[in-house]
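A.B. asks: coords below, sequence missing:
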């Protein structure tokens, strides 16, 4: 399962971010447009840097499907 990052300006694929083993249920981009977060049926949240597509973090320990994940609008590196 992939998170694909596309350029809105050119329409070209910039990065394919791998790691989830289950269906991806939700995506959010932080207010500073630096990080994308994805929630998944694999009970994890994964984050990647938008500019490089490199993994930033894997958040484990959820007891069920992660249906939503949101960045805090006033603290752009904080997930709620």
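C.D. replies: Yes, it's here. It should be emphasised that the depicted structure is a prediction, and the values quoted were computed from it without experimental measurement.
A.B. asks: surely residue 49 and residue 34 touch.
C.D. replies: Yes - in this structure, residue 49 is within contact of residue 34 by Cβ atoms under 8 Å, at 6.5 Å. C-beta: built from backbone N, CA, C; applies to glycine.
A.B. asks: show me the contact partners of stretch 34-54.
C.D. replies: Applying Cβ atoms under 8 Å, 6 or more residues apart in numbering, the set of residues contacting stretch 34-54 from outside is 1, 3, 5, 14-17, 19-30, 33, 55-60, 62-69, 71, 76-77, 79.
A.B. asks: go with 6 Å
C.D. replies: When contacts are defined by Cβ atoms under 6 Å, 6 or more residues apart in numbering, stretch 34-54 is touched by residues 3, 15, 17, 19-29, 55-60, 62, 65-66, 69, 79.
A.B. asks: write the ChimeraX selection for whichever of the residues you listed are buried.
C.D. replies: A single ChimeraX command selects the buried members of the contacts of stretch 34-54 (16 or more other Cβ atoms under 10 Å):
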select :3,15,17,19,20,24,25,28,56,66,69,79
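A.B. asks: thanks a lot, see you next time.
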